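J.: structure for the following, please:
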Amino acid sequence: MKIKEVADKLNISQRAIRFYEGKGLIAPSKQADNQYRTFDEQDIWRLQTIIALREAGMSIPHIREALSDIDTQGGSQLRYLLELQRSVMFSKWIEMKGIIETTDVMIQALHTNEELPLDRIYSLAEGSRRLREHRAWEDKWGFDGLAGIHDQLVSEDGQMYPDYDEALACIVRLVSPALGERGLDIGTGTGNLAGRLLTEGAVMAGVDQSREMLKACSRKFPELETRLGNFLALPYMDGRFDFVVSSFALHHLTIEQMRMAIEEMRRVLRPHGRICVAYLKPDGEASAVELHSHFESYGFLTKQHIINDRLQVILAVPIRPK
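T.: Residues are numbered from 1 along each chain as shown. Reported below is the predicted structural model:
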């Protein structure tokens, strides 16, 4: 096929095809006598793939990486790149929701007071900016490198988290999932908590920031749905789960990020959904008090089970619907 025929077939411009060729994503053959491009079925397939990935918002460098991976390994990297893109899009979507909410507050203030003082505008804008900064996620802990030894570290001999098994068993007992209930495990790691809930009859999904942790998790529990993401931008639409759990992960967040994490957990819960977390207190009782206070501010009643002097399991159930 000539370039015009391909452009008409795929409903894109010839300029776009030349752009992708210039970026090294496609390399159609050229006729020796006139240098006209000739596209075979493989070229068209690659163009269709490029168009689909661009539609998903993937960058040119990531598309190049994905195509190279498909050529050499059959596409094992492509899912990760799509998951990464999805995680970024959810983060942007949540950020945009926050901006819309800030704008709505300004509009309502103008409607009520017929004016909006500059200091109020600055205050709202500053609050929105701080939320964006707190939502910025960075892996400071190197969990990809720990994936291969994680289960050993949390075992009774490893002692990374004393009373680890007791905490997980306590979460399962408090959540007590009904058969077929849908649950989300945040910071799922290698899936130890989600796996226990699967055996109780729950339909589980697991979110983690670490690609390698998720790969280990999928090997152990192939029936578990896994997605790349984090507490501050959960890669699910609103109202998807009957319960949300997490173990030994919330202590990595700042107090402000904990509040945002609870807001995200509440967002993905169905009405009357419950939350249960194993919380390792990093700096004494004050942080645990803050966590209880945040749950209560979002309409949850909390019940705690003390595991040891630093570790507690918190069950949060709604006292009023969303």
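
J.: from residue 43, how far off is the nearest residue to residue 27 once chain neighbours are set aside?
T.: Computed as Cβ to Cβ, 6 or more residues apart in numbering, the closest residue to residue 27 that is not its neighbour in sequence is residue 21, at 7.0 Å. For every residue, glycine as well, the C-beta is placed using N, CA and C. In this structure, residue 21 and residue 43 are 10 Å apart, going by Cβ to Cβ, to the nearest Å.

J.: need the overlap of contacts for the two.
T.: 27-28 (Cβ atoms under 8 Å, 6 or more residues apart in numbering).

J.: distance check, residue 167 against residue 280.
T.: For residue 167, the distance to residue 280 - Cβ to Cβ - is 9 Å.

J.: what touches both of those two?
T.: 161, 248, 311.

J.: so what secondary structure elements neighbour the helix or strand hosting residue 174?
T.: Residue 174 belongs to helix 164-175 when elements are defined using DSSP states H and E. Here helix 164-175 touches helix 192-199, strand 241-247, strand 269-280, strand 300-306, strand 311-318, going by 3 or more Cβ pairs under 8 Å, 6 or more residues apart in numbering; DSSP states H and E.

J.: quick one on the thing from earlier: any idea of the pLDDT on the residue nearest to residue 27?
T.: Note for residue 21: predicted pLDDT of 93.

J.: stretch 152-161 spans what distance, first to last residue?
T.: Terminal residues of stretch 152-161 are spaced 11 Å apart (Cα to Cα, to the nearest Å).

J.: next, the buried residues of that stretch.
T.: Buried residues in stretch 152-161, counted by 16 or more other Cβ atoms under 10 Å: 154, 161.

J.: now do that stretch: everything it contacts.
T.: Contacts for stretch 152-161 (Cβ under 8 Å, 6+ apart): 146, 164-165, 167, 192, 248, 280, 311.

J.: how far does it sit from its chain's centre?
T.: 26 Å (Cα atoms, centre = their mean, to the nearest Å).

J.: mean confidence score for that stretch?
T.: Mean predicted confidence for stretch 152-161 is 80.

J.: one more: stretch 304-314?
T.: 93.

J.: below-threshold pLDDT in the stretch 1-150 of the chain: ranges please.
T.: Applying pLDDT under 70 to the stretch 1-150 of the chain flags residues 56, 73-81, 84-85, 88, 114-141.

J.: go again with 90.
T.: Scanning the stretch 1-150 of the chain with the threshold set as pLDDT under 90 gives 1-2, 9, 11, 29-37, 41-46, 48-150.

J.: so which residues of the stretch 101-250 of the chain form strands?
T.: Secondary structure of the stretch 101-250 of the chain (DSSP state E, counting those that start in this stretch): strands at 182-186, 203-208, 225-228, 241-247.

J.: keeping just the C-alphas, turn stretch 49-62 into PDB.
T.: What follows is stretch 49-62, C-alpha atoms only, in PDB (Å, rounded to 0.1, in the frame of the first residue of the first chain):
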ATOM      1  CA  THR A  49      -0.700  -0.300  17.600                       C
ATOM      2  CA  ILE A  50       0.900   3.100  17.700                       C
ATOM      3  CA  ILE A  51      -2.400   4.800  17.200                       C
ATOM      4  CA  ALA A  52      -4.000   2.800  20.000                       C
ATOM      5  CA  LEU A  53      -1.200   3.500  22.400                       C
ATOM      6  CA  ARG A  54      -1.300   7.200  21.500                       C
ATOM      7  CA  GLU A  55      -5.000   7.300  22.100                       C
ATOM      8  CA  ALA A  56      -4.300   5.800  25.600                       C
ATOM      9  CA  GLY A  57      -2.000   8.800  26.200                       C
ATOM     10  CA  MET A  58       1.300   6.900  26.000                       C
ATOM     11  CA  SER A  59       4.400   9.000  25.200                       C
ATOM     12  CA  ILE A  60       6.500   8.400  22.100                       C
ATOM     13  CA  PRO A  61       9.500   7.000  24.100                       C
ATOM     14  CA  HIS A  62       7.200   4.500  25.900                       C
END
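
J.: coming back round to it: out of residue 21 and residue 43, which sits in the busier spot?
T.: The neighbour count for residue 21 versus residue 43, taken as other Cβ atoms under 10 Å, is higher for residue 43 (19 against 16).

J.: SS state for that one?
T.: Taking DSSP: H, G, I helix; E, B strand; the rest coil as the rule, one finds residue 43 in the helix state.

J.: use 34 as the first number for this chain going forward.
T.: Sure, I'll start numbering at 34, so the last one becomes residue 76.

J.: skipping adjacent residues, who's closest to it in space?
T.: Nearest non-adjacent residue to residue 76 (Cβ to Cβ, 6+ apart): residue 61, at 5.0 Å.

J.: wouldn't the one you found be in contact with residue 54 here?
T.: Yes - between residue 61 and residue 54 a contact is recorded at 7.0 Å, counting by Cβ atoms under 8 Å.

J.: now list whatever residues contact both of the two.
T.: residue 70.

J.: distance to residue 216 and mean neighbour count for the helices and strands packed on helix 197-208 - can I get that in JSON lines?
T.: As requested, the helices and strands packed on helix 197-208 are exported to JSON lines (distance: least, Cβ to Cβ, whole Å; neighbours: other Cβ atoms under 10 Å):
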{"stretch": "helix 225-232", "distance to residue 216": "6", "mean neighbour count": "21"}
{"stretch": "strand 274-280", "distance to residue 216": "5", "mean neighbour count": "25"}
{"stretch": "strand 302-313", "distance to residue 216": "9", "mean neighbour count": "21"}
{"stretch": "strand 333-339", "distance to residue 216": "17", "mean neighbour count": "15"}
{"stretch": "strand 344-351", "distance to residue 216": "14", "mean neighbour count": "21"}
